[in-house]
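Asks: below are the sequence and a predicted model; questions follow.
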Amino acid sequence: MQELETESMRQQEMIYNAEFQIQQMEQKVSRGLGERSDEEKHELQGRIKKLESELDSQKEKQKGLSQQCKMLESELRIWKSKKDRCGSRKSETQKLISEVELEISSCEVSLKKLVSKKEETMVSHDVIRLELRRLRDTLRSRADEVCSLEVRQEQLILSMAERKEEVK
């Protein structure tokens, strides 16, 4: 009997081991099929909620960033347009500056010619003034000579008249 009891115990132990292994295999199969225990389901649902809230948060961030990106792109287009207008105004202004510089250069040349002509005119005027002064001096000197000759003639006439009187 003891042998039977030992044999019975051994068989019960084998049955227990077999059932344990079957249970483990069933758990593996159910896990493979996606079945979970209540504890795992609760844990997974918690993780799912946490990840969904993170996803919502990331979607909100992405939405905000997308709006910012659109605003920045719009602003960039506006600034590019302003830059293009400024570039065209700059080229127009540079063209105008070139024209004004050319006009200034032309005016400087004209001014130099006028200054040169004025200087020549002033020199000519001064030469004429000097010539006039020389001619006046010559005229005065000749007028003085004429006066002195007239005075001498008068003196000679008087002296001849006196001699005539003396001779008479």
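Replies: Okay, I see it. Residues are numbered from 1 along each chain as shown.
Asks: where does the chain dip in pLDDT?
Replies: Low-confidence segments of the chain (pLDDT under 70): 35-36.
Asks: which SS state does Gly34 fall under?
Replies: Secondary structure, DSSP: H, G, I helix; E, B strand; the rest coil: Gly34 is coil.
Asks: count of residues packed around it?
Replies: Counted with other Cβ atoms under 10 Å, residues neighbouring Gly34 total 6. Yep, even glycine has a C-beta here, placed from its N, CA and C like the rest.
Asks: what sits against it?
Replies: Applying Cβ atoms under 8 Å, 6 or more residues apart in numbering, we find Gly34 in contact with no residue.
Asks: any idea how far it lies from Ser116?
Replies: Relative to Ser116, Gly34 is positioned 107 Å away (Cβ to Cβ, to the nearest Å).
Asks: before we move on, what about Thr138?
Replies: Distance of Thr138 to Ser116, given as Cβ to Cβ: 32 Å.
Asks: sticking with Tyr16, tell me its helix or strand.
Replies: helix 2-32 (DSSP states H and E).
Asks: who are the packing partners of whatever helix or strand comes next after that helix?
Replies: Downstream of helix 2-32, the next assigned helix or strand under DSSP H and E is helix 38-167. In terms of contacts (3 or more Cβ pairs under 8 Å, 6 or more residues apart in numbering; DSSP states H and E), helix 38-167 is packed against no helix or strand at all.
Asks: how far off centre is stretch 101-116?
Replies: 33 Å (Cα atoms, centre = their mean, to the nearest Å).
Asks: ugh, wrong one, I meant stretch 126-137
Replies: Put simply, stretch 126-137 sits 64 Å off its chain's centre (Cα atoms, centre = their mean).
Asks: may I have that stretch as PDB, with CA atoms only?
Replies: Only the C-alpha atoms of stretch 126-137 are listed here, as PDB (Å, rounded to 0.1, in the frame of the first residue of the first chain):
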ATOM      1  CA  ASP A 126      42.600 145.400 -65.200                       C
ATOM      2  CA  VAL A 127      44.800 145.700 -68.300                       C
ATOM      3  CA  ILE A 128      42.300 148.200 -69.800                       C
ATOM      4  CA  ARG A 129      42.200 150.100 -66.500                       C
ATOM      5  CA  LEU A 130      46.100 150.200 -66.500                       C
ATOM      6  CA  GLU A 131      46.100 151.300 -70.100                       C
ATOM      7  CA  LEU A 132      43.500 154.000 -69.300                       C
ATOM      8  CA  ARG A 133      45.600 155.200 -66.300                       C
ATOM      9  CA  ARG A 134      48.700 155.300 -68.500                       C
ATOM     10  CA  LEU A 135      46.800 157.200 -71.200                       C
ATOM     11  CA  ARG A 136      45.500 159.600 -68.600                       C
ATOM     12  CA  ASP A 137      48.900 160.100 -67.200                       C
END
